[in-house]
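Novice: give me the fold of what follows.
(3 chains)
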Amino acid sequence: MKGGKGKATAKKETAEVLKPSDDRLGKRKAAAKADKSSKSKANKDKKAKKDPNKPKRPASAFFVFLEEFREIYKREHPNVKAVSVVGKAGGEKWKSLTRAEKAPYEAKAAKRKSEYEKQMSAYNKKQESNADEGDEDSDRSKSEVNDEDDEESGEDEEEEEDDDDE
DNA sequence: TAACTGATTGTTGGC
DNA sequence: GCCAACAATCAGTTA
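Specialist: Below you'll find the model as predicted:
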C-alpha cells in the first residue's frame, strides 16, 4: 500500500481525542475511520474485481450540494485546496440550510438516483446474460454501456422548483 | 509514479 | 433494522 497510512493512524488518534459533537456524526466518523482502514484493502479488492461497467452510486443531495459548494468555496478561498477543509465547511453549511434550500439538491439527487436505478437494471440484466453465456461479450457490453450513457444526455435540470412542500 | 489519506453527509446494499 | 461501504474532490504523503 501506499498512501499516508501512518498519517492516517496519527490522524485517527487525533480524531478520537477530538470527540465529535454529534452522536451520529461520531458514528459516521468512526465508520469512516474503520472504513478508511479497510478501505485500502477494500480499494485494492475493488480494483481487483470491481466491474468498471458497474454504475457509480448516485450522489446524495449533500454531494450535489457539495459539488456546487466546492466551486464557490474555491472562488472565495482560492488558496485552500484541502478537501478536508472544504468538506467540513460544506458539512456545516449543509446543516445550516433550510429544507426549502435543500430541496433543489434533493430533487437533483432524486433524478440521479432514478438514472442510477435505470443503469443498474440494465447492468443487472447484462450480468444475468453474462452468467448465462459465460463470456464472449466484452465488446458487446461496452456498446451497451454506451447506450446507457446516451440515455442521460437529454436532461439537465428542470425540477429545481419543487421546493414548495413546506 | 501509483495508490492512499482526509473530511463531510446521505444513500445503498448486504446480512 | 443495522451498519459498512461508497459516492466527489485533490493536495499531500508514502512506499
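
Novice: pLDDT below threshold where in chain A?
Specialist: Residue ranges of chain A with pLDDT under 70: A:1-50, A:131-166.

Novice: could you pull up the residues touching A:Lys88?
Specialist: For A:Lys88, no residue meets the contact criterion (Cβ atoms under 8 Å, 6 or more residues apart in numbering). Any C-beta I mention is one placed from the backbone N, CA and C, and that applies to glycine too.

Novice: let's verify it: helix, strand, or coil?
Specialist: helix (DSSP: H, G, I helix; E, B strand; the rest coil).

Novice: now it: how far from DNA strand B?
Specialist: Relative to DNA strand B, A:Lys88 is positioned 4 Å away (Cβ to the nearest atom of the strand, to the nearest Å).

Novice: with A:Asn53 instead?
Specialist: From A:Asn53 across to DNA strand B, the span is 14 Å (Cβ to the nearest atom of the strand).

Novice: now do that residue against A:His77, distance only.
Specialist: To A:His77, A:Asn53 is 37 Å away according to Cβ to Cβ, to the nearest Å.

Novice: name the residues of the top helix by length along chain A that are buried.
Specialist: Criterion DSSP state H: the longest helix present in chain A is helix A:99-133. Neighbour-count burial for helix A:99-133, counted by 16 or more other Cβ atoms under 10 Å, picks out A:102-109, A:111-112, A:115-116, A:119-120, A:122-123, A:126, A:130.

Novice: how's chain A carved up into domains?
Specialist: Using automatic domain parsing, the domain ranges for chain A come out as A:1-39, A:58-166.

Novice: which of the three states applies to the closest residue to A:Gln119 other than its chain neighbours?
Specialist: In this structure, A:Gln119 finds its nearest non-sequential neighbour in A:Pro55, 3.9 Å apart by Cβ to Cβ, 6 or more residues apart in numbering. Three-state call for A:Pro55 (three-state DSSP): coil.

Novice: what of the one 3 residues further on?
Specialist: In terms of secondary structure, A:Pro58 is coil; the call rests on three-state DSSP.

Novice: the buried residues of helix A:99-133 also near DNA strand B: which ones?
Specialist: Intersecting the buried residues of helix A:99-133 with the contacts of DNA strand B gives A:Glu106, A:Ala109, A:Tyr116, A:Met120 (criterion: Cβ under 7 Å from any atom of the strand).

Novice: next, the contact list for the closest residue to the third one other than its chain neighbours, please.
Specialist: Pointing back at A:Tyr116 there. Closest residue in space to A:Tyr116, ignoring its immediate chain neighbours: A:Pro58 at 4.1 Å, by Cβ to Cβ, 6+ apart. Shown in contact with A:Pro58 (Cβ under 8 Å, 6+ apart): A:Ala109, A:Arg112, A:Lys113, A:Glu115, A:Tyr116.
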